[in-house]
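*Asks:* Just need the structure, nothing else, for what follows:
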Amino acid sequence: MIPGITYLNWAGLAPLTLRSYLHSLIAPELMGNILLPNWVKRVEKLREDVALWLGTHSEQVAFVPSTSVALTIAAHSLTWQNSDTILYPANDFPANVLPWQSLDRFGVQAQAVQDWTQPWDKPVKMVSISTVDFTTGIEQPWQQVVQQANAKGIWTCVDAIQSAGVKPSWCPEIDFWCAGTQKWLASGLGLALLVLSPKVLSRLSPPFPTWLGLNQPPLVQSGMSKTARGWELSWASPQAIARFETNLKYFQASGWENISQGVRQRRDYLHERLLEMGWKVVSCPERWSGLVCFDPGLGQAESIVKDGYKKRIITAQRGDYVRISPHIFNSMSSLARTVDWLWKCKLEYR
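*Replies:* Below is the predicted model:
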């Protein structure tokens, strides 16, 4: 992807593919309103392509600026009452923590869950869970949690940013499915997907309506769209849309199963080599994601990551752990080079 650099932080901010970057240079605003009608059609076609990929309907797909915005929309969609409870994962990324904690102004109790297998000991109004623990790379029991909540009539929200593009992470029982496109979908900043359930569209109203969500913009008397488009906050970034449009076509042509298998092959290779070296790997090959994380001990994670940057091997530090996240764009030879470097780190930092 980047000449001379082994980039292994796709779970952070992915580098852009050259093709997607070049496609994003042709801005629809270049000729003012002249190109706008065709651009709107392209956005609607992309909405249909996203629905086809996930197995849902285009009417349920909204484009918003980021995962944080999608989660904030979800948090403000319900009519909260004093003492209502929302569950979210303990020690999760702040994007899936702050929207729920901010509801304390309504008297809502935002409760962090350490163990999802434990029974919920009080009435719950909403459950929000990430598909992957961003520090360990372990896939969370999001499917079981969604099923349990759905059976109890509890609203569900899923942050799927660490799964979207790697393995299936959507199911019809999810009320709010949120995923930015800047990680495994390699489409840069400025775009996230918000997929709403039919229950949301029929029973709730968008918390931040804008004129773009009208049935016939800008006619206020036309009323708000009953589709997910009515939940969008603004024009989607044309550059981000163009990048995602390009990459989605590439992934679809490559086959999503091939993408998933390719990522798993690479993470399994690194996982096994790390174990052979004697590193303490905290990720799980059964509950796998594209992330492989290990604990070097003695607070050495920062030093190892910095050393990698000097060697043009890009990883990430998450707390006490070193996080490695390969994609199909990484060649096996580049991973072998990474393994050689990690062997040297093992000798230096033991």
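*Asks:* looking at this, Lys167 is in a helix?
*Replies:* No: using DSSP: H, G, I helix; E, B strand; the rest coil, the assignment for Lys167 is coil, not a helix.
*Asks:* wait, doesn't it sit right on Arg287?
*Replies:* No: with contact defined as C-beta atoms under 8 Å, Lys167 does not count as touching Arg287 (11.0 Å). C-beta here means a position set from N, CA and C on the backbone, and glycine is covered the same way.
*Asks:* So which of those two has more stuff around it?
*Replies:* Comparing Lys167 with Arg287 by other C-beta atoms under 10 Å, the one with more neighbours is Lys167, at 22 against 14.
*Asks:* Give me the local confidence score for the nearest residue to Val220 once chain neighbours are set aside.
*Replies:* Nearest non-adjacent residue to Val220, counting by C-beta to C-beta, 6 or more residues apart in numbering: Leu214, 6.7 Å away. Note on Leu214: pLDDT of 96.
*Asks:* Which residues are in contact with Tyr269?
*Replies:* By C-beta atoms under 8 Å, 6 or more residues apart in numbering, Tyr269 lies in contact with 332, 335.
*Asks:* Are we agreed that it is in a helix?
*Replies:* Yes: assessed by three-state DSSP, Tyr269 belongs to a helix.
*Asks:* What pLDDT is listed against it?
*Replies:* The model's pLDDT for Tyr269 equals 98.
*Asks:* quick one: it from Pro296, how far?
*Replies:* Relative to Pro296, Tyr269 is positioned 19 Å away (C-beta to C-beta, to the nearest Å).
*Asks:* now swap in Val64 and tell me
*Replies:* 37 Å.
*Asks:* got it, and Gln140?
*Replies:* For Gln140, the distance to Pro296 equals 24 Å [C-beta to C-beta].
*Asks:* Same question for Ala192.
*Replies:* Ala192 is 33 Å from Pro296, by C-beta to C-beta.
*Asks:* of those two, who's got more company?
*Replies:* With neighbours defined as other C-beta under 10 Å, Ala192 and Pro296 compare such that Ala192 has more, 25 against 21.
*Asks:* Chain neighbours aside, what residue packs nearest to that one?
*Replies:* According to C-beta to C-beta, 6+ apart, the nearest residue to Ala192 is Gly180 (4.2 Å).
*Asks:* what does stretch 138-151 rub up against?
*Replies:* 89, 116-117, 124, 127, 129-133, 155-156, 158, 163, 169, 171, 173-174, 282-284, 287-289.
*Asks:* Centroid-wise, who is the farthest residue in the chain?
*Replies:* Taking C-alpha atoms, centre = their mean as the measure, the residue most remote from the mean C-alpha position of the chain is Gln221, 36.0 Å away.
*Asks:* Surely it is in a helix?
*Replies:* Yes: checked against three-state DSSP, Gln221 lies within a helix.
*Asks:* any idea how far Val40 is from it?
*Replies:* 21 Å.
*Asks:* for Ile154, same thing?
*Replies:* Taken as C-beta to C-beta, the span from Ile154 to Val40 is 36 Å.
*Asks:* In terms of packing, which of these two has more residues around it?
*Replies:* Ile154 (20 against 13).
*Asks:* Excluding chain neighbours, give the residue nearest to that one in space.
*Replies:* Val124 (5.3 Å).
*Asks:* Quick check: pLDDT value at the one you found.
*Replies:* Predicted confidence (pLDDT) for Val124: 96.
*Asks:* Likewise for the one 3 residues further on?
*Replies:* You'll see Val127 listed with a pLDDT of 98.
*Asks:* how would you label it: helix, strand or coil?
*Replies:* strand.
*Asks:* Counting neighbours, what do you get for it?
*Replies:* 26.
*Asks:* Arg312 now?
*Replies:* So Arg312, with other C-beta under 10 Å, has 14 neighbours.
*Asks:* my read: it touches Thr6, true?
*Replies:* Yes: if you go by C-beta under 8 Å, Arg312 and Thr6 touch, sitting 6.6 Å apart.
*Asks:* who touches stretch 22-30?
*Replies:* Taking C-beta under 8 Å, 6+ apart as the rule, stretch 22-30 contacts 35-36, 38-39, 188, 238-240, 242-243, 245-246.
*Asks:* Any idea how far apart the tips of that stretch sit?
*Replies:* 15 Å (C-alpha to C-alpha, to the nearest Å).
*Asks:* starting at the chain centroid, how far to it?
*Replies:* How far stretch 22-30 lies from its chain's middle: 25 Å, per C-alpha atoms, centre = their mean, to the nearest Å.
*Asks:* Tell me which stretches of the stretch 51-200 of the chain form strands.
*Replies:* Assigned by DSSP state E, counting those that start in this stretch, the stretch 51-200 of the chain shows strands spanning 61-64, 85-89, 109-113, 126-130, 155-159, 176-180, 192-196.
*Asks:* Perfect, that will be all.
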